[in-house]
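J.: Build me a structure from this.
(one chain, ligands or ions: 1)
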Amino acid sequence: MKTRREFLRVAAVGAAASATQHLWAEQTGRTAAVPDVSGANSLQAHADAHGLLVGCAVVPEKLTGEPEYAGLVSAQSNILVPENAMKWKALRPAPDKFNFSGADTIVAFASAHGRKVRGHNLCWHVAIPDWFAATVTKDNARQILTEHIRTVAGRYAGKLHSWDVVNEAIDPKSGLPNGMRKSPWLELVGPDYVDLAFRTAREADPAPLLTYNDYAIETDAPDETEKREAVLALVRGMKKRGVPIDAVGVQSHLKTQNPAPGKGLRDFVRELRQMGLRVFVTELDVDEKKLEGSESERDAAIARIYRDYVTMMVAEPNVDAVLTWGITDRYTWLNGPKWARPDGKPQRCLPFYADYEPAPAFFALRDAVDTRLAGR
Ligand code: XIL
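T.: Here you go, the predicted structure:
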């Protein structure tokens, strides 16, 4: 048996080794020795120890077709969200048809591995099927929306942690009342479409935490501050009208060239807490399109953003889930044309490199999770 002194010495060496490893990773990027991030060293194990949910957006075809991807996802996450598989475009090949294959794959994978699932999403102005424009009218929009929500939320009733019921309804640039986004739902159903979607979702499945999800509400830049205010006003109104809403999702698509999120977002999270609402970091990644320097310099800058942002967010007791938008740079939407780097190099925006080795962002995220105070 180890004496207490021996035990402390071993523990101290272990801690020093991991601090060194971490420093090495953050400063130099890759070297030959890849730190072990499995088991007790995984992000998931660290999050479990702090009562936090951590996870990522996933693609069903990769879960079934690529064992290395599936292994990484299940090792590092305790919650998953479909990147596209629960959107209208994926679920609704025709007005009278549903295709649940991708969504079912994800829910089955999560259940087989004991992981939770967030639903994303029931109502959005993007990823609308091609048939929509010719089929949905002012006369039938309300019925088509509620039928969709009843069918989809009904199918997964009792199985989901949360639902992004409405995604991105606010866009103050539109100039419309209350900063509402110009969306087909607003035009066809009217401004009460948000309330309608939430009420219908609650009726279809009382279990999941019903979430309003939006982006560009993170920094203190004037346009983001204005948008955050509009989101707050929307949520406040919903609460006043007795609309069932439990959480707000802060997408958190951060950009290296933007100011770091700070007071405005912190105050927002605290106001939501006063209203009894939770906050989830739902789609975290760091767009480094504009970042110059060597790969290790870029990695260090990206890791710093992960560290500072997640540390700030998990310090708030009502923030209890952090999901990244993907897990590996191999499959990130940020390699699409809109976000391509001018030098043509791939984005290094997620916790795992394209070859599935952990990036400095992984260690930064894990350290940030460890700053969560115990007992909350
Ligand atoms: C993105 C996916 O990552 C892409 O694969 C797809 O082509 C477009 O949608 N906000 C959201 C997500 O709420 O659903 C979006 O996902 C990214 C922005």
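
J.: Which positions in the chain make contact with the ligand?
T.: Applying Cβ under 6 Å from any ligand atom, we find that the chain lies next to the ligand at 83-84, 167, 215, 251, 283, 333. All C-beta atoms are positioned from the backbone trio N, CA, C, and that covers glycine.

J.: Tell me which residue is most central in this structure.
T.: The residue lying closest to the centre of the chain (Cα atoms, centre = their mean) is residue 282, at 2.1 Å.

J.: Dihedrals phi and psi, it?
T.: Dihedral pair for residue 282: phi -100, psi -30, per degrees, to the nearest 10.

J.: was I right about it contacting residue 56?
T.: No - applying Cβ atoms under 8 Å, one finds residue 282 not in contact with residue 56, separated by 10.7 Å.

J.: Mutual contacts of these two, please.
T.: Counting by Cβ atoms under 8 Å, 6 or more residues apart in numbering, the shared contacts of residue 282 and residue 56 are 81, 323.

J.: show me the contacts for the closest residue to the ligand within the stretch 151-300 of the chain.
T.: Of all residues in the stretch 151-300 of the chain, residue 167 sits closest to the ligand, at 5.1 Å by Cβ to the nearest ligand atom. Each residue near residue 167 by Cβ under 8 Å, 6+ apart is listed here: 120-121, 123-124, 126, 213-214.

J.: Quick one: buried ones out of those?
T.: Buried residues within the contacts of residue 167, counting neighbours by 16 or more other Cβ atoms under 10 Å: 120-121, 123-124, 213-214.

J.: related to what we said a few turns ago, pick out the most distant pair among the residues of the chain next to the ligand.
T.: 84 and 215 (16.1 Å; Cβ to Cβ).

J.: Mind telling me what element residue 354 is part of?
T.: Counting by DSSP states H and E, there is no helix or strand that carries residue 354.

J.: how much space between it and residue 233?
T.: 41 Å (Cβ to Cβ, to the nearest Å).

J.: Look at stretch 290-297 and report the distance between its end residues.
T.: 13 Å (Cα to Cα, to the nearest Å).

J.: Check which residues of that stretch are buried.
T.: Result for stretch 290-297 [16+ other Cβ under 10 Å]: buried residues 291, 296.

J.: next one: it to chain centre, how far?
T.: In terms of Cα atoms, centre = their mean, to the nearest Å, the centre of stretch 290-297 is set 25 Å apart from its chain centre.

J.: pLDDT averaged over that stretch - what is it?
T.: For stretch 290-297, the mean pLDDT works out to 96.

J.: and the residue in the stretch 201-350 of the chain that the ligand sits nearest to, how many neighbours does it have?
T.: Among the residues of the stretch 201-350 of the chain, residue 333 lies closest to the ligand, at 3.4 Å counting by Cβ to the nearest ligand atom. Neighbour count of residue 333, defined by other Cβ atoms under 10 Å: 18.
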